[in-house]
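Undergrad: Here you go, sequence then predicted model.
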Amino acid sequence: GSDLIQAYETNDKLCRHIHLPVQYGSNRMLKRMNRKYTRELYLDKVAKLRDTCPDIAITSDMIVGFPGESPHDFEETLDLMRKVEFDGLFAFMYSDRPNAPAATFKNKIPPEVKIKRLQILLEIQGNFTIRKNKAMIGSVQPVLAEGFSKKQSGGSLDSGRHAIQWTGRTSTNKIVNFFQNDNAESCGDIFAVKSVRIR
């Protein structure tokens with residue numbers, strides 16, 4: 001909890017990213033799922049993280065269609081998303097699992113409703129992700145090179161000659177593809193941190 005949050009202020013070796021699952025923005029649904037936290041506690045953690053590390057990227061998990069989810073519960077989830085503005089999100093439709101307590105719950109959500117709600121949720125998140133990624137254009141970021149990119153093209157943006165494209169991650173866990181000559185030294189065959197201008 002608080003020790004980890006404080007570590008973002010004092011330890012420069014920590015990446016500026018945290019995955020903080022929430023599942024729902026509705027306290028009623030969190031209680032039905034037997035979660036031991038509330039939306040208020042979650043939002044308080046997010047606020048403390050951003051006070052401590054303003055540039056931190058926050059990603060999360062969301063579920064739609066848990067048994068008993070009302071339109072109001074779903075809207076509370078969207079409201080939480082709008083308040084936090086996640087950098088990225090893993091979103092899932094609920095499905096029954098054998099031996100899970102929720103498999104016996106009544107008020108199942110019809111598949112077509114789950115699909116529609118998931119589409120709405122992903123569209124909202126997509127807008128946040130695009131906006132945050134666009135804000136990085138033109139900046140120079142340290143990137144941990146992880147190896148060759150799966151997306152190879154014929155040359156860099158600065159030259160017509162063939163160039164090898166690499167892939168890596170920023171400190172905020174955003175994937176970046178870059179050319180060896182894009183403000184980066186040779187990566188060799190080991191992981192290395194390079195400064196890369198985001199295009």
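TA: Great, that's in hand.
Undergrad: M62 versus the residue nearest to the spatial centre of the chain, what's the distance?
TA: Of all residues in the chain, the one closest to the mean position by C-alpha atoms, centre = their mean is G88, 2.5 Å from it. To M62, G88 is 11 Å away according to C-beta to C-beta, to the nearest Å. Bear in mind the C-beta positions are built from the backbone N, C-alpha and C, glycine included.
Undergrad: likewise A145?
TA: 31 Å.
Undergrad: Longest helix in this structure, please.
TA: helix 111-134 (DSSP state H).
Undergrad: what about it, average pLDDT?
TA: For helix 111-134, mean pLDDT rounds to 97.
Undergrad: How about it, which residues are buried there?
TA: Across helix 111-134, burial judged by 16 or more other C-beta atoms under 10 Å covers V113, K114, R117, L118, L121, I124, Q125, F128, T129, K132.
Undergrad: Let me know the pLDDT of the closest residue to the last one other than its chain neighbours.
TA: Closest residue to K132 apart from its sequence neighbours, by C-beta to C-beta, 6 or more residues apart in numbering: D87 at 5.4 Å. pLDDT, D87: 97.
Undergrad: is it true that D87 touches S171?
TA: No - applying C-beta atoms under 8 Å as the test, D87 and S171 come out as separate, 12.0 Å apart.
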